[in-house]
Structure formats: structure tokens, C-alpha cells
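A.B. asks: have a look at this prediction, sequence included:
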Amino acid sequence: MGVLMRKISLVCSFLTFCVVSLLAIDYVHVEDGHFNYKGERLRLWGVNLQLHHVQNYKGAKITVKRIKSMGFNAIHLWLSRGTFHQPGRDWKSFIKENKGSQKGLDLLDYFIACCKEENIFVSIALSPRGDEITPDVFDLASCDDSLSKDQWFKKFSDCKPKYSISALRYLDERIAKAYELHSAFFLNRINPYTGCRYAEEPTIALYEFADECDFLAWPPRNLKSDDLAGWQIKRKWEIFLKVKYHDTETLKAAWGSLLEGENITDMKAMFYPGREIDKTPSPRIEDAWEFLYGLCSSSDEAFLKSFRSMAQEGKGCNIVPITMDSVIYTKLGNLYAISSKSSFTCGTEMLRGGAIEKNADGYAWTPLSSMSPKEFHYSVSPGLIKIKGKPFCPYAGGELVNNPYRAAAPFFRSIWASYQDWDGVFSYCWGYHRNKLEPNNFGDFCGNSLFPASVDSPNDGYDILNDEVYLSVQKLASQIFLNTSVAKSKDTVLFRFGRKALFSLDAMGYYQSIWPEMAPASFLHSAELSLEPDGPFRMESKTESVPALEYPLKWENGFEWNWKEGFMKLDTPSAKGYAGRCDGPINFKDGISLDAGKEEFIVFMIASCDSAPIDKSRELSMSFVSSSRNSGYEEDFTRLQFTRLNSIDYPKEWSIVKNSGSLPVLVKRPSGIVRIPWNGKVEKYDFAMNLFQEKHFKDSFEQKSDEPVFITKIKRQNFNP
């Protein structure tokens, strides 16, 4: 009987497996608060890419292969200026590049096909960033606003630069319609290299509707009444008040007072008196937020209805996750409006490897490993906390490359993302600026562009495609994150924000007024936000008592942050790591150690190539790096400049660059002896991923400072698991 029951059980298990396999959805979608693909949870370790960085078919193919070889499984694409329109063209006159042109949409089609061939997921930013609004947009929608085409376009042209096109879509139905047409054009395009309509392309894992729109991060107050933003705000605000209060007397009774000259049909004063106005009636503030949230909700809902309808139910863009905006310099009200219609959220803050800090002698670079977690504005910001029940996938975890400790960034990022149970991380940026390089092979990426950041073009510092030190660590970091080598926190701190925060002046602040209350708990556990407009409270924290953040910081998953000794250390069954100052032998569990003598700064990582523990793995990867700079690179801290944001003065790292230097790039390579209880073979690869040394070892092997090691592979011999 027992044998029969076991056979029946096996048959049932097999049938269940077959049914699950048949029902598995071949598109990325959200399930149980996480990304899911073909019935399994999906994690994305991605990189941002400006499409104009790729200039031909050969460049596209080699770029995708190179990105994959660096450990990424996803690419976020910003479509370059002119991809869909060109100056002077009417809005409906979308560019239709023919197959074989190797530019614009044709190059995009080919690039997507290359990603599909290499099993690289793609995230697409739909916003027509850089494309122009032309007068014909006026004819796209009928609006009861008494404007002629000339008047409308004049008001649009008068808008201040900070009111981006993407923000105006919340205020103007015509621009919203342009966005809808733009998205429909892309989704209905058939890629000639895949034969698939983009709306049903399985390679596309995520969509971002707008990029850094931040409509409610202003908020829109003190607007010029004669530009399109101010005029539409005033008009819609008055309509909202008339519907809710009907007449001026009722409005005044509800608010308690009105500003001079105001009445329900002519709100002459500020739309929304912010912090500058004392004694602003709370009902007025609540109405302002209700109005703004309503604008966002109705606009986003209309777009989503159109967007989801472009594919059959359960296929492609009908279920693929979409975020309504990437959140930068997060404000609570902005975050609430964005997240309410988004299927995932994507903070765009940085997890840095170090910062310029003041010391007894002035200012100097300080590695993250030597900084207390309490210095939150240099390590982890509140833009990097996920919304409860939604996947979280930051789009711009980046590092200015003139930071000599930048290699610590991907090391810490993979650990933090794992601990917080994120669904993805995208580094910024593979290639942002145009490059004369036409890659023919992997070696063409190595050492062909200058870094660190130059004085004249500071943003050049964001390119990472030539950064040997940074990419070596991030290649190991990807293994750790994708293989879940670091366990998530056992406890979650839930921060609940109610009506008194979301509908008050608190919604204007987040960093300065709210984050200091959250930071200690966030570093001790995973952290989530719950935005509850019906909750009659400001902020509550639902967790067991959270102890104070004490030195050193230790997590139950094997991570230690010892800032006084200047190091971070990871020790799990399937991954080991160390970042910071080295004063002698570094010992890990399982008989693994590193003896690198004394070094000011190193990053060392060793990890199983699969999810198995190291003592049961057949193959490991290792990164062991320090820093790099250009020949002739010079810094002058007397040139240091600052930018003020949310009451904090942030140093502009690139302002200290006196001479950005020239080729060749000088890589400072550490030396050390690695001990591991194996008999095996060591394969050493250079930055072009060429195997240059292969040696057998017993118990230990050496890496020398004069060896051009980028990545080391360690293969066990005579292994019987």
C-alpha cells in the first residue's frame, strides 16, 4: 500500500509540474509582490544605456554581448533624441526608418533583437524625452478651454524649463494625447528582426512611462498665470473648487479664510501657499493635495487603459509591469501619486562607494566602509525604500568615477538589495555620452575613453563601460544578487503614512523631516512604506521594538559594517567579501582567507557560480581590486564646490578635478594569497575576458600586483558532491 501511494504521489507531482509548466506565463509580470517570469521569481541586475551610444549593427551586437559578459541580465533603454520625431516634424509624423538604415528606430529594432538572442531583458522608457511639442498637438484633443491654437502654443512656449513636457501631461489633455499616440506608435511597431510587435515582445520586462517627471515634487505654486502650466492649474483648480464648494461663501467657511482678492471664480493669489505662508489653513492644504492627486490619478488611469489595451489579455504590455515615473529627490506626495497607479516603483538614488568628507585638515575622500550608516545622505537615501506589496527596482544606482573608492558601491549595493529583498537594480550608466568607438570586439571597450570626470564635462564620469575596477566588482555583485547568496532580513519595518502626512505640508518633505526617523530602523531590518490616505495619523511604525543603531552594524545574514576599523565584511556559505582598509589577514568561515598585507583600500569578493554553498560548488568567481586613475590625473580640494539640497550641502565631486589626465589608465592592483580548502585550477582573465594564465593549486594561490587580472575563475578538481 505504501509503495502504491508513493507511486500515486509521484504521478500527481509530475502532472502538477506539467500543468504549471503549461500555465507558466512567458511575459514578466507581478505575482505576490515580486517580478515573475515563467512561474519563477525574477531578479534583474541591469544597466542603463543611452541608445545613441550604439552607432551601428556591429556595435549593437558587441555591446549586448559585452554587457552580458559583465554579469548584467537586463538593460534599461532611454530612447535618444529624435528616435520618434525630428525638429520641425508634425507630432503624428513618426519616423519610420527602413530596415538596414542602421540608425534611429532601425538600430533600436536590431538592438532589441540582439538582447533577445542573448536572453537579456529590456526595460523601456516610453517618455519622448527630447522630442518636441509642435503646434499640431493642439488638434489631437478637443478641450473646453477657450484657447486658439496660437494662444495655446504661445502659453506652452512660455513655460519655464523646469516644467517638463512629461509634467504638463497632467495638466493639458492635448499633451496627454500626444503621449498616448507616442506609446501606441511604439507598441504597434513590428520589429523586422524578431517579427514581433513590441506590444507582445517577451524580451521587454518593464516599462517606464515618464523619466524623472516629478510632477508633485514642486509642488506647482507661484506659477506664472500666463504660461500653460500656470494657466491650466488655475483653471482646473477653480473647476475643482466649484464642484466641491459651489460658491465663495461655502469655500470661505470651509477654509476659515481666503487670501486677498480670492473668490471661487478667480483664485488670484497663489495656487498653493507653501511653507512661506504662515497659518495656512489645513483644509486648504488638504484640498490642494486632493486636487493634485486627482489630476495624477485620472491622467495615469486614462493612459494605462490605453496602454494595456494594446495587447491581448495576459500578453505583453497587457501585463508587463509599468511604473508611471522614476522617482528622484523623493517627496512623499510625489511618491504617493506615482505609486498608486504603478505596478512597481523605481527609486533613482545612489548607493555610493564613498564621499568627500570634512576632516581636521579640510576635505578628503572617505570610503563608505569608514563612514557611519547614520550619515545617510552619502550611503542610502529614502528614495531607496520600497512600497509594501509592490516590486522595487531602482533605476540609477550609480557612482561618479573620480571617487577612488567607487568599487565599494556595487559590493554594498548587492548586499543591501538582497537584505531589503529588492527585485532589481540598474547601474548608471553603461554609455551615456557619444563615443567615437566603433567596437569590433571586447578589447575595444578597454581603456578607450578617459575617466575620471573631466572639468568641462562632469557627467562623463557616469560611463562605466571602460571602468575595469568598478566592473570587476559588479560582475561578482551580480552573482551574489541573482543567486540570492545573501539572505533577506528576517524582520521588516513597516512605516505607515496616513492622511496627516499625505494631505499636509509634510507631503512636501521627506528627506529632512521624515527620513531621520526611519534611518536607524532601516539599517537594522528591511524597510517598507505603506501609504494610507484614509489612515487618521501622520506616521506609524509597525514592528517589534527596534534597538538603537549601535557600533558595529551586524546583520543576521553574515554582513558586518565596522566603520571605526574601516571595513565591510560579508561571510555567507556561498559568498565571501571584504571592502575597506586592510591591515593583515582576513579570515572567513569554511577555511577561506586572504592575506593581502596592509592596503589603504581593497575590495575582495569570492562567490559560488550557482546558488550552492562554496563547499559544494564546482566553480567560483573572484574579484580582487583596489582603484584606478588616468595618467596625469590631479585633484585640488581648494576648488571644491557645493550644491544645497533639502538643507544639506552636497560636495560636487567633479569640481576638484584639476586635470582629468589622459591614457593610459593606471590600475592599482593589490597582491595577496588566497587560501581555500580545494585542489583545483585557477584561470585568470584580463579586462577583455582573454584567458592569460591557467595554474593548478592546492589549498592556496597568489594574485600579484603586476598581473592584469580582471576576473579569476576557480574550478575544483576531483569533486564528488
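C.D. replies: Alright, I've got the coordinates. Numbering: from 1, shown residues only.
A.B. asks: tell me where the stretch 451-600 of the chain has strands.
C.D. replies: Along the stretch 451-600 of the chain, counting by DSSP state E, counting those that start in this stretch, strands occupy 492-497, 526-531, 539-542, 553-554, 559-562, 567-572, 575-582, 586-587, 593-595, 599-608.
A.B. asks: could you tell me the least trusted of these?
C.D. replies: When the strands of the stretch 451-600 of the chain are compared by mean pLDDT, strand 539-542 comes last with a mean of 82.
A.B. asks: list the buried residues of that strand.
C.D. replies: For strand 539-542, the neighbour count (16 or more other Cβ atoms under 10 Å) marks M539 as buried. Placement of C-beta: from N, CA and C, glycine included.
A.B. asks: show me what it is packed against.
C.D. replies: Judged by 3 or more Cβ pairs under 8 Å, 6 or more residues apart in numbering; DSSP states H and E, strand 539-542 is in contact with strand 492-497, helix 515-524.
A.B. asks: wait, which of these is closest to S339?
C.D. replies: The closest of the helices and strands packed on strand 539-542 to S339 is strand 492-497. By Cβ to Cβ, the value is 11.2 Å.
A.B. asks: strands paired with that closest one, and their directions?
C.D. replies: strand 526-531 (parallel), strand 539-542 (antiparallel) (DSSP bridges).
A.B. asks: could the ones you listed be laid out in TSV, adding distance to L471?
C.D. replies: Shown next, in TSV, are the strands paired with strand 492-497 (distance: least, Cβ to Cβ, whole Å):
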stretch	distance to L471
strand 526-531	28
strand 539-542	39
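A.B. asks: out of those, nearest to G591?
C.D. replies: Checking the strands paired with strand 492-497 against G591 by Cβ to Cβ gives strand 526-531 as the closest, at 30.8 Å.
A.B. asks: got a list of contacts for the closest one?
C.D. replies: 332, 335-336, 339-340, 385-388, 419-421, 488-489, 491-497, 502, 518, 521 (Cβ atoms under 8 Å, 6 or more residues apart in numbering).
A.B. asks: those residues, buried ones only, as a ChimeraX selection?
C.D. replies: The ChimeraX selection below is limited to those of the contacts of strand 526-531 classed as buried (16+ other Cβ under 10 Å):
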select :332,335,336,339,340,385,386,387,388,419,420,421,489,492,493,494,495,496,497,502,518,521
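A.B. asks: rewinding a little: quick check: which of the strands paired with strand 492-497 is nearest to A688?
C.D. replies: Of all these, it is strand 526-531 that lies closest to A688, at 38.7 Å by Cβ to Cβ.
A.B. asks: how many neighbouring residues does K715 have?
C.D. replies: The number of residues packed near K715 is 17, by other Cβ atoms under 10 Å.
A.B. asks: helix or strand for it, which one?
C.D. replies: strand 711-716 (DSSP states H and E).
A.B. asks: same deal with S621?
C.D. replies: Per DSSP H and E: S621 is located in strand 619-625.
A.B. asks: give me the contacts around that strand.
C.D. replies: 407, 468-469, 472-473, 475-476, 479, 594, 596, 602-610, 614, 669-670, 672, 674, 676, 703, 709, 711-716.
A.B. asks: looking at the strands paired with strand 492-497, spot the one closest to E560.
C.D. replies: strand 526-531 (17.4 Å).
A.B. asks: what helices or strands is the longest helix anywhere in the chain leaning on?
C.D. replies: Secondary structure of the chain per DSSP state H: the longest helix is helix 282-308. With contacts taken as 3+ Cβ pairs under 8 Å, 6+ apart, helix 282-308 sits against helix 173-188, helix 228-245, helix 248-255, helix 332-341.
A.B. asks: got the ones you listed as a markdown table, with distance to F445 and mean pLDDT columns?
C.D. replies: Shown next, in a markdown table, are the helices and strands packed on helix 282-308 (distance: least, Cβ to Cβ, whole Å; pLDDT from 0 to 100):
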| stretch | distance to F445 | mean pLDDT |
| --- | --- | --- |
| helix 173-188 | 29 | 91 |
| helix 228-245 | 43 | 90 |
| helix 248-255 | 61 | 94 |
| helix 332-341 | 35 | 91 |
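A.B. asks: just name the most buried of these.
C.D. replies: Ranked by mean neighbour count, these are led by helix 332-341 with a mean of 24 (mean count of other Cβ atoms under 10 Å).
A.B. asks: that one - contacts with which helices or strands?
C.D. replies: Using 3+ Cβ pairs under 8 Å, 6+ apart: helix 332-341 touches helix 282-308, helix 499-502, strand 526-531.
A.B. asks: find the least confident helix or strand in this protein, judged by mean pLDDT.
C.D. replies: Ranking every helix and strand in the chain by mean pLDDT, DSSP states H and E puts helix 2-23 at the bottom, with a mean of 49.
A.B. asks: so for the helix or strand just after it, mean pLDDT?
C.D. replies: The C-terminal neighbour of helix 2-23 among helices and strands, as given by DSSP H and E, is strand 29-31. Across strand 29-31, the average pLDDT comes to 98.
A.B. asks: which helices and strands does strand 29-31 pack with?
C.D. replies: Strand 29-31 packs on strand 34-37, going by 3+ Cβ pairs under 8 Å, 6+ apart.
A.B. asks: in the stretch 501-650 of the chain, which ranges drop under the pLDDT threshold?
C.D. replies: 511-513, 543-547, 645-647 (pLDDT under 70).
A.B. asks: the nearest residue to P192 once chain neighbours are set aside: which element?
C.D. replies: Leaving out its chain neighbours, the residue that sits closest to P192 by Cβ to Cβ, 6 or more residues apart in numbering is K99, at 4.6 Å. Counting by DSSP H and E, K99 is held by no secondary-structure element, helix or strand.
A.B. asks: got a list of what K99 touches?
C.D. replies: Contacts of K99 (Cβ under 8 Å, 6+ apart): 106, 109, 192-193.
A.B. asks: can you list the strands that the helix or strand that K658 is a member of pairs with?
C.D. replies: Per DSSP H and E: K658 is located in strand 657-659. Here strand 657-659 is paired, per DSSP bridges, with strand 634-635 (antiparallel).
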